[in-house]
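*Asks:* I would like to see how this sequence folds:
(one chain, ligands or ions: 1)
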Amino acid sequence: MTPFTPPTADQLLAIRVNAGIDELAQTERFAHAESDLVEAIVAGVGQFAAGEFAPLNRKGDLEGAKLENGVVRLPDGFGAAYRAYVEQGWNAIASPAAHGGQGLPFTLACNVLENLGAANMAFTLLPMLSVGAIEALEHHGSPAQQAMYLPNLVSGKWSGTMNLTEPAAGSDVGALRSTAEPVESGEHAGKYRITGQKIYITWGEHDLAENIIHLVLARLPGAPEGSRGISLFVVPKYHVNADGSLGPKNDLRCVSLEHKLGINASPTCVMSYGDNGECIGELVGAPNKGLAAMFTMMNNARINVGNQGAQIAERATQQALAYARDRVQSARAGSPDKSPVAIIEHPDVRRMILRMKALTEGVRALLYYCAGQVDRGNLGEEAAKTRSEILVPLLKAWGTDVGVEVSGLGIQIHGGMGFVEETGAAQHWRDSRIAPIYEGTNGIQAADLVTRKLGLDGGEAVVALFESIAREAADEYALAALAMDCASVARWMRDDASLDDRLAGSVPFCTMAAVCVAGWQLMKQREAVAAGAAPELAATKPVTVRFFLDRIVPEAAGLKAGAVAGADLLYALPAEALVG
Ligand SMILES: Cc1cc2nc3c(=O)[nH]c(=O)nc-3n(C[C@H](O)[C@H](O)[C@H](O)COP(=O)(O)OP(=O)(O)OC[C@H]3O[C@@H](n4cnc5c(N)ncnc54)[C@H](O)[C@@H]3O)c2cc1C
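*Replies:* Numbering: from 1, shown residues only. From the prediction side, this is the model:
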C-alpha cells in the first residue's frame with residue numbers, strides 16, 4: 001500500500017470556497033478560525049494522519065480487532081496512535097469550550113476526520129462515533145450528565161458509541177425491543193435497568209479509551225409501539241463516581257465480533273446489556289423522544305459517512321496514480337516510438353484517473369459546502385440550516401457511492417495486481433463498501449430526500465436550490481440543463497407523483513441532485529483558482545472541473561428517465577414471479 005499524502009491544497013480550497021471559512025471567521029462565535037489557524041490545523045492533522053494513522057491501515061486490515069476474554073484488542077500501535085491523537089487535541093476541535101473543546105467550526109472537525117479517515121478508515125470510526133455521542137449529550141443531556149461525561153468524551157480519554165440496531169430493527173429502528181425499567185430504590189434510584197441485545201455496534205468494546213459511553217435506544221414500560229415509544233439512555237461501561245473517578249464495571253458485554261468484508265480494524269460488536277439484570281443507565285432527554293434526540297446528531301453523523309466517500313476515494317486515487325506511473329505495458333497506440341510506456345499514458349487509463357480525481361474533488365466540494373451550511377445553521381441562519389438538511393442525503397448517498405466507484409476503478413487500474421491483496425488496492429474497495437449501508441442505507445437517504453426534505457419550507461426549498469443553480473450556471477450548458485431537470489423532477493414529485501412513484505425514482509433523483517450541486521460547487525472552485533486562489537492547483541483544477549462538467553454531469557442528466565418512470569413497472573410482477 002502506498003503512503004498517504006494529505007491533499008492539503010485541495011482541502012484548503014474547499015474549506016475557503018465551498019464552506020466559506022473566512023466569512024465564518026467574521027462572526028463572533030468563530031472569530032478565532034482565522035486563516036493562519038485554519039492552515040495550521042489542516043496541514044497539521046494531515047501530517048499527523050500520514051505519520052500515525054496511515055502506517056497502521058494495512059496492519060489493521062490483516063490482523064483486525066480480536067475478542068479475547070471479553071476484551072477487544074487492536075493490533076500493536078493502535079493504542080499509542082490513539083493516545084497521541086488525544087494528547088494533540090484533535091478530538092476536541094469543534095466541541096464547545098465549556099466542555100473543554102476548542103469551539104471551532106464543524107467544517108474543521110470534518111477536515112480532521114477527512115485526513116484521519118483517508119489514512120485509516122477503520123480506525124477513524126472510533127473518534128467519529130464519539131462525535132455522535134458528544135452531540136447527543138450536548139443537545140439533550142442534563143447539566144449533570146454533561147458535566148459527568150462531556151469533558152472526557154471531548155478530550156477523547158473516553159469514547160462513545162451509538163446503539164440503535166437490533167436483529168429485528170435495522171432500517172426500521174422503531175421495531176427495537178430493548179427495555180428500560182425504572183430503578184425505584186437503592187444506590188441507582190431514579191436510573192434505569194437496561195436489558196437487550198444490540199448488533200453491529202461500532203467500537204462497542206475496546207481497550208484504547210479508559211471508559212466507553214454507550215448511547216442506547218430502549219423502550220420504557222408501557223411505551224407506545226413503533227418509533228414514538230423509544231427513549232435514549234446513557235450507559236457507561238464503567239460507572240462514574242460523583243468525583244469523576246471510575247467505579248465498578250456495568251452489566252454489559254461484547255458477546256462477539258462480526259467477521260466482515262472490510263474495516264477489519266473497527267470492532268463491530270454484538271453487545272448484550274443486562275445479562276444479570278444490573279445494567280444501569282440514565283435517561284437522556286424526555287421519555288419517548290429518543291429517536292428525535294438521535295436524529296439531532298444523525299444529521300452530522302451522515303455528513304461524516306459521506307465524508308468517508310471522499311476519504312476512501314482520495315486514498316484509492318493516490319494508490320492508483322502511483323501504480324499507473326510505475327507499471328509499464330505496451331507502446332502508446334499510434335506512436336512511432338514502439339517502446340512500452342507507463343500505463344498512465346494510455347487513453348483509457350487516463351480516463352479512469354481523471355474520473356477518479358474529478359469525482360473525489362466533487363465529493364470534497366459537496367462535503368465542505370454542506371459543512372459550511374451546518375456551521376451557518378448553528379449560528380442561527382435558518383435558510384442555511386434548511387439547505388444543509390437537503391444536502392445531507394445527497395452527500396451521504398452519492399459521496400459513499402463515489403467511494404465505492406473510485407476504489408473499484410483503483411482496482412481496475414491495477415489490473416490483476418488489484419485483485420490480489422498485496423497492493424492494498426483491494427482493501428480500499430472492501431473498506432469503502434460499508435459506507436452506502438450504515439447510518440441509514442443509501443436507499444433510506446434517497447427516500448428521506450423525496451419525502452421529508454422535499455417538503456421543507458412549504459415544498460419550496462429543494463426546487464429553489466436547483467433553480468438558483470440553473471441561473472448561476474447559465475454559461476455551463478450541461479450543468480444548467482441538469483439543474484433545470486432536477487427542478488422539474490422535484491416539482492413533479494412534489495405536486496403530481498404518488499408516494500410509490502416518488503420512492504421508485506428516489507435513488508436516481510438523489511444522484512442527479514448530488515452531481516448537480518457538486519458540479520456547481522466545483523465551478524466556484526474553478527473561478528477562485530482562476531482568480532489566484534491555490535496557485536498549486538492552477539494547472540489541475542480547470543481540467544478536473546472540465547471533466548466533471550463535460551462527462552459526469554451529462555451522465556447524471558441521463559438518470560432523469562429513471563427518476564420519473566414511476567413504480568408501475570416495478571410491480572408488474574408479483575414477488576413470487578421475480579423469485580421463480
Ligand atoms: C460494519 C457495520 C457497522 C455498523 N455500526 C452501527 C453502529 O455503530 N450502531 C448501530 O446502531 N448500527 C450500526 N450498524 C447497523 C446499520 O446502521 C444497519 O446495518 C443499516 O441501518 C441497515 O439495516 P439492516 O442491516 O438491518 O438492513 P435492512 O434494514 O434489512 O435493509 C436491507 C435492504 O432493504 C432496504 N430497505 C429496508 N427498508 C426499506 C424501506 N422502508 N424502503 C426502501 N428500502 C428499504 C435497505 O435499503 C437495504 O438495501 C452497522 C452496520 C454494519 C454492517
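
*Asks:* what about stretch 166-184 and the ligand, touching?
*Replies:* Yes. Looking at stretch 166-184 against the ligand by Cβ under 6 Å from any ligand atom, the contacts come from 170-171. Every C-beta, even on glycine, is put in place using the N, C-alpha and C of the backbone.

*Asks:* show me what that stretch is in contact with.
*Replies:* Contacts with stretch 166-184, where a contact means Cβ atoms under 8 Å, 6 or more residues apart in numbering, come from 164-165, 189-199, 216-221, 225-228, 230-231, 233, 273, 280-281, 283, 291, 440-441, 444.

*Asks:* quick one: buried residues of it?
*Replies:* 166, 169-170, 173, 176, 178-180, 183 (16 or more other Cβ atoms under 10 Å).

*Asks:* same thing with stretch 290-310?
*Replies:* Quick answer for stretch 290-310 (16+ other Cβ under 10 Å): 290-291, 293-294, 297-310.

*Asks:* kindly report the same for stretch 146-164.
*Replies:* By neighbour count on 16+ other Cβ under 10 Å, the buried set for stretch 146-164 is 146, 148-156, 158-164.

*Asks:* and if you look at stretch 247-258?
*Replies:* Neighbour-count burial for stretch 247-258 [16+ other Cβ under 10 Å]: 250-255, 257.

*Asks:* narrow these to those in strands?
*Replies:* 252-255, 257 (DSSP state E).

*Asks:* will you turn these into CSV that also has distance to residue 454 and pLDDT?
*Replies:* Shown next, in CSV, are those (distance: Cβ to Cβ, whole Å; pLDDT from 0 to 100):
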residue, distance to residue 454, pLDDT
252, 40, 98
253, 43, 98
254, 40, 98
255, 41, 97
257, 40, 98
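
*Asks:* and which of the residues you listed is nearest the ligand?
*Replies:* residue 257 (10.5 Å; Cβ to the nearest ligand atom).

*Asks:* OK, contacts around that closest one?
*Replies:* 65-67, 72, 267-270.

*Asks:* among those residues, the buried ones, what's the ChimeraX command?
*Replies:* ChimeraX command restricting these to the buried ones, with burial defined by 16+ other Cβ under 10 Å:
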select :65,67,72,267,268,269,270
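
*Asks:* now for the contacts of residue 257: which two are most distant?
*Replies:* Using Cβ to Cβ, the contacts of residue 257 reach their maximum pairwise distance at 66 and 270, which is 14.7 Å.

*Asks:* any low-confidence regions in the stretch 451-580 of the chain?
*Replies:* By pLDDT under 70, the stretch 451-580 of the chain has no low-scoring segment.

*Asks:* in it, which residue sits closest to the ligand?
*Replies:* residue 503 (6.9 Å).

*Asks:* isn't that residue up against residue 570?
*Replies:* No. Assessed by Cβ atoms under 8 Å, residue 503 is found out of contact with residue 570, at 9.5 Å.

*Asks:* can you show me the helices along the stretch 201-350 of the chain?
*Replies:* 290-326, 347-378 (DSSP state H, counting those that start in this stretch).

*Asks:* nearest residue to the spatially most central residue of the chain other than its sequence neighbours?
*Replies:* Centre of the chain computed as the mean C-alpha position; nearest residue by Cα atoms, centre = their mean is residue 305, 1.2 Å away. Distances taken as Cβ to Cβ, 6 or more residues apart in numbering put residue 439 closest to residue 305, at 4.4 Å, once the chain neighbours are dropped.
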